[in-house]
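> Provide a 3D model corresponding to the input given below.
(chains A and B)
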2 protein chains.
Amino acid sequence: MDRLREIETDGNSNPIQISRLALDMGGSLIKLVYFSRNSGDHEDPLNDSVPISNGVNGRLHFAKFETTNINDCLQFISANKLFFGGFQHQENPTNDRSFIKATGGGAYKFSELFKEKLGIILEKEDEMDCLVTGANFLLKAVNHEAFTYLNGQKEFVQIDHNDLYPYLLVNIGSGVSMIKVDGDGKFERVSGTSVGGGTFWGLGKLLTKCQSFDELLELSQRGNNRVIDMLVGDIYGGIDYSKIGLSSTAIASSFGRAVSNSNELDDYKPEDVSRSLLRMISNNIGQISYLNALRFGLKRIFFGGFFTRGHSYTMDTISVAVHFWSKGEAKAMFLRHEGFLGALGAFMSYERHSLGDLMVNQSVQIPVDASSGTDTNCNPLERDLNETESMQCSVYQA
Amino acid sequence: MDRLREIETDGNSNPIQISRLALDMGGSLIKLVYFSRNSGDHEDPLNDSVPISNGVNGRLHFAKFETTNINDCLQFISANKLFFGGFQHQENPTNDRSFIKATGGGAYKFSELFKEKLGIILEKEDEMDCLVTGANFLLKAVNHEAFTYLNGQKEFVQIDHNDLYPYLLVNIGSGVSMIKVDGDGKFERVSGTSVGGGTFWGLGKLLTKCQSFDELLELSQRGNNRVIDMLVGDIYGGIDYSKIGLSSTAIASSFGRAVSNSNELDDYKPEDVSRSLLRMISNNIGQISYLNALRFGLKRIFFGGFFTRGHSYTMDTISVAVHFWSKGEAKAMFLRHEGFLGALGAFMSYERHSLGDLMVNQSVQIPVDASSGTDTNCNPLERDLNETESMQCSVYQA
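As a prediction, the model looks like this:
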């Protein structure tokens, strides 16, 4: 069977023309980015207003699955014929297997599974490389991609392409990677922490019996961390320890109040537990990020990864931590497409390897529909892990 | 009642002569240091061999109580008449109240309680000041106080008095304080984290139903963190991510494996939970400590506070973290009298305030009996929280 020929006909007069699927397979989530050429401009009103010169006109699609549900992911790829989106290997163009770009540990772990079930060869791309490529692409090519978030105020950041580097990229997945980025393809993973999204979800699941990450995150919105956290005021009898700048409401010891009473786990509300956990982890990530930014004199820290999910309290806590420890010197910024940095980077590696430098010259507009933006009012529960993200993008060459 | 006169008679021909009690009252533990003059040299064979010039001959005693059991502490002080160990206020020597030096938040929180129950006025000393004074005293005056611990090897460190400063003091209590120490009384609290001993014990209590910190610590010795932590190999299909120096056995996400299976809390062994928790917290403290040492070019990090308790796995994890992140440049060192820095500092503040510069000129030998040393084989359970530490010290002026 010639799969590539099948793309062009597919028994359909209006061919699907899905091209280029890329995967980022992490410890907890598998992220997919794929591009579909438009089969007819009338389907995409945006294209009417956009002059296309010699580029590819279509949409970028984003989807994610829990890694434990890898079979759902395989089925999704199969049902939507996304595996036709690979490329023929240049050394052997008659080979009918699809080669799909993939990054993250799953590119190694699930290599055999993809070959066996879908006949797909996963072309492995380095994880850090992909994260950086994805972040650089988004920061340079997408308007309104980065924003600050402090005291409930979201503010988009205008990125000066000539003054983007260096910056610290903090990718919060199951674990956390901290990467000093000095340019396109110029980076170093300088630090990281094992206390990340997997810790929030793993510990949270054990402590609250929540069934999903988003449910746990949603719970935290209603919780009060003061129930379980030991505050400075708890130790100091309600007063500040002002000499060293700690107010009575500062957390002295996360979960420290659980020490000093006879409550058992069931005596605590799950929302309070979730809140304390989220605050502990977000604050810790913010602090370690700042300390690493300080090492290298980096003023800007961009946070990506699927941990924040546009969740206001998470972003607020990270921002406050960076602000507090840096005494206002460093700025935490968030990325709207936070979770797809690695997958985007893998997607863009097609260009590097086989199609020249196409993407770098692209300008991109990504209209975001209301339900999938990182709006402060967005309800994380609307983003089910197993549901395809509806956010679509028009990508064109200027 | 003239309490001071009572000391000297106490209806006993061999007077008690307890003098100078000092307290460090933290969020989880109250630490006591008190000095007893010897009533007769025959009681302390060490003194026979020690030439005493004009100093005070006696013993330093250490004790601790859980802060929740404050009443046990009050009773202990009362029963042992330790409150006679205060000093008369110089401005009003006829006032019969005892003034006791105290530090930590409890010096504020329990101020009224001490006055009401024991007639004691707590003289508040700054917490950071006391920690630093206590650490400097121990490092300068006590042989075999500091040691490194790596791969199960404990090695005492010879402290060069002329090359002690600067260093980073990390005090791990309920929360963690990180203090850059530049000299006697010269210091700055540069950082800290709320993820400390209170987090280990608080979260551990909720997750395992352990009844004491030491029980939880003991459990961890038998646990396997790989059951719940997500390792690099779990994500990468058993292989290393060697490009960035992460072996397959490195922890990618603490508690991250709990995400990817259907186990509930009860399905995990408490010892495995305890082990993961201890490793997460110790590693995190080691990392943040190193990053702060790096900021100020400090090569030596001394760890104090009641978190480690001479526990080999805790020290090993902290040491490995410092070693890993600093690429061997920085050294983690531990203090044998780790838990009593603040109380010792408060104790020494008597000198500063009323008795001149006595302690600074002292040389001290502290013989430690086997059960209370920080030996690798020491069983933490032998150190019950409510039991007076049996470790005693001869303090004399050379």
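
> how about A:Val22, what does it touch?
Careful, residue A:22 is Ala and not Val. Contact partners of A:Ala22, counting by Cβ atoms under 8 Å, 6 or more residues apart in numbering or on different chains, are A:32-34, A:100-103, A:343-344, A:346-347, A:349-350. Just so you know, the C-beta spots here come from the backbone N, C-alpha and C atoms, and that holds for glycine as well.

> could I get these as TSV with secondary structure, distance to A:Trp325 and pLDDT?
Below are these laid out as TSV (DSSP: H, G, I helix; E, B strand; the rest coil; distance: Cβ to Cβ, whole Å; pLDDT from 0 to 100):
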residue	secondary structure	distance to A:Trp325	pLDDT
A:Leu32	strand	36	94
A:Val33	strand	34	91
A:Tyr34	strand	40	87
A:Ile100	strand	41	93
A:Lys101	strand	37	94
A:Ala102	strand	36	96
A:Thr103	strand	31	96
A:Ala343	helix	31	95
A:Leu344	helix	30	94
A:Ala346	helix	33	95
A:Phe347	helix	35	91
A:Ser349	helix	35	89
A:Tyr350	helix	40	83
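
> out of those, who has the most neighbours?
A:Ala346 (36 neighbours; other Cβ atoms under 10 Å in any protein chain shown).

> and the closest residue to A:Ile288 other than its chain neighbours, what are its bridge partners?
Setting aside the residues directly before and after it, A:Ile288 is nearest to A:Thr193 in space (Cβ to Cβ, 6 or more residues apart in numbering or on different chains), at 5.4 Å. Going by DSSP bridges, A:Thr193 is paired in beta bridges with A:Val176.

> isn't A:Thr193 right next to A:Gly173, touching?
No - contact criterion Cβ atoms under 8 Å: A:Thr193 and A:Gly173 do not qualify, at 11.4 Å.

> which residues touch the residue in chain A sticking out farthest from the centre?
Largest separation from the mean C-alpha position in chain A: A:Gly237, at 41.8 Å (Cα atoms, centre = their mean). With contacts defined as Cβ under 8 Å, 6+ apart, A:Gly237 is in contact with B:Gly105, B:Gly106, B:Tyr108, B:Lys109, B:Phe110, B:Ser111.

> same question for A:Asn225.
A:Asn225 neighbours (Cβ under 8 Å, 6+ apart): A:Ile251, A:Asp272, A:Arg275, A:Ser276, A:Arg279.

> check those and tell me the two furthest apart.
By the measure Cβ to Cβ, A:Ile251 and A:Asp272 form the most distant pair in the contacts of A:Asn225, at 13.4 Å.

> who's more crowded, those two?
A:Ile251 (25 against 20).

> that one reaches A:Gly233, doesn't it?
No - taking contacts as Cβ under 8 Å, A:Ile251 lies outside contact range of A:Gly233: 10.4 Å.

> wait, a strand at A:Met333?
Yes - per DSSP: H, G, I helix; E, B strand; the rest coil, A:Met333 lies within a strand segment.

> from the contacts of A:Gly237, which are also near chain A?
Of the residues in the contacts of A:Gly237, proximity to chain A by Cβ under 8 Å from any Cβ of the partner chain holds for B:Gly105, B:Gly106, B:Tyr108, B:Lys109, B:Phe110, B:Ser111.

> mind listing which of these are in strands?
Within these, no residue falls in strands by DSSP state E.

> and those, which of them are buried?
For these, a burial check counting by 16 or more other Cβ atoms under 10 Å in any protein chain shown picks out B:Gly105, B:Gly106, B:Tyr108, B:Lys109, B:Phe110, B:Ser111.
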